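>>> Got a sequence here, can you build the structure:
(one chain, ligands or ions: 1)
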Amino acid sequence: MSVNTRTMRNRTLQIGTLTAVVVLLSACGGDPNSPGVEYMPDMYRSPAMEAYLDHGQDPYYFDDAVVKAQRERQSARKPVAGTVPFSMDPAKAAFNFPYPYPNTPDGYEQAGLELKSPIPMIQENVDKGKVLYDRFCLHCHGPKGQGDGAVVKNGNYPQPPAYDGAQLAGLSEGKMFHSLMYGKNVAMGSHAGQLDREERWLVVQYVKYLQAGGRMPSGGNTGMAAAAPVDTLNAQ
Ligand code: HEC
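Residues are numbered from 1 along each chain as shown. Next up is the predicted model:
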């Protein structure tokens, strides 16, 4: 190996080392909180998304001020008053229309006269109503709607009247729905937050079943002309 080749090698090594040091030093910034220059930051820094904020432009191509302004602007907003959920199925769309009866004694009476279940009174819907009843009503109203649920038996809650007793045996489905919508007096809360309209009508079918003493009420189908089972509990 000639002297010349060795000198060349040493020089290459020196230049290489120098370059590495310069690169390393330049990667550090003055800000102690900054990680400095990062190689492919996307690989270990996934963007953390904040819900309801406008994430705006890609921060790598816009300056911080633009990005910050966009991040502080709200993007998702509440729908305007009167907005109804969209449904492709016209039969289900009807469940989304605004409820026309106000939370007043008159509204209650009117709902009792006019409001009819859009859901046919058939065994399948009663069975679906029972599933909801067991989850949301049974602990107060009891398994057969006698007002003897667990929280009542504990002595911790006022007893609801039996569905087939003197007070409620003649209660119309419209009034049942109205009471589920807004609640009844102080002891029965509104269930509009727990059950959507379709679910409320399904549970009303089951209450009617209990009202008739645990069998299909006579008078048969009070719902739509074509008695089709409601295919899903969680439509909408
Ligand atoms: C926390 C206990 C409680 C729960 C849960 C509850 N209820 Fe009631 N419910 C009552 C009481 C108490 C009354 C009697 C209210 C009154 O007339 O003052 C009542 C009354 C009713 C009435 C009669 C309303 C009227 O217009 O007179 C119906 C129908 C009814 N409940 C159905 C239901 C259904 C269906 C559920 C489940 C989705 C349910 N309740 C859940 C306690 C409850």
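>>> chain center to the helix or strand of the chain with the lowest mean pLDDT: distance?
Every helix and strand of the chain was ranked by mean pLDDT, DSSP states H and E. The lowest is helix 41-44, at a mean of 72. Centre-to-centre, helix 41-44 and its host chain are 33 Å apart (CA atoms, centre = their mean, to the nearest Å).
>>> ok, for Lys128, nearest residue in space, not its chain neighbours?
Leu202 (4.9 Å; CB to CB, 6 or more residues apart in numbering). For glycine as for every other residue, the C-beta is placed from the backbone atoms N, C-alpha and C.
>>> ok so, going back, residues making contact with the least confident helix or strand of the chain?
With CB atoms under 8 Å, 6 or more residues apart in numbering as the test, helix 41-44 has contacts from Glu38.
>>> Doesn't the residue nearest to Lys128 belong to a helix?
Yes. Counting by DSSP: H, G, I helix; E, B strand; the rest coil, Leu202 is part of a helix.
>>> count of residues packed around it?
Neighbours of Leu202 under the rule other CB atoms under 10 Å: 24.
>>> surely it meets Ile122?
No. Contact criterion CB atoms under 8 Å: Leu202 and Ile122 do not qualify, at 11.2 Å.
>>> Tell me which helix or strand comes right after the least confident helix or strand of the chain.
Next helix or strand after helix 41-44 toward the C-terminus (DSSP states H and E): helix 64-71.
>>> what comes up buried for that next one?
By neighbour count on 16 or more other CB atoms under 10 Å, the buried set for helix 64-71 is 67, 70.
>>> CA atoms only: put that helix into PDB for me.
Extracted in PDB, the C-alpha atoms of helix 64-71 (Å, rounded to 0.1, in the frame of the first residue of the first chain):
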ATOM      1  CA  ASP A  64     -47.600  27.500  12.400                       C
ATOM      2  CA  ALA A  65     -49.800  30.600  12.700                       C
ATOM      3  CA  VAL A  66     -52.200  29.300  10.000                       C
ATOM      4  CA  VAL A  67     -52.200  25.800  11.500                       C
ATOM      5  CA  LYS A  68     -52.800  27.100  15.000                       C
ATOM      6  CA  ALA A  69     -55.600  29.400  13.900                       C
ATOM      7  CA  GLN A  70     -57.300  26.400  12.200                       C
ATOM      8  CA  ARG A  71     -56.900  24.100  15.200                       C
END
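>>> From the contact counts, what lies against that helix?
If you count contacts as 3 or more CB pairs under 8 Å, 6 or more residues apart in numbering; DSSP states H and E, helix 64-71 packs onto no helix or strand.
>>> distance of Ser20 from Leu13?
Rather than Ser, residue 20 is Ala. 11 Å (CB to CB, to the nearest Å).
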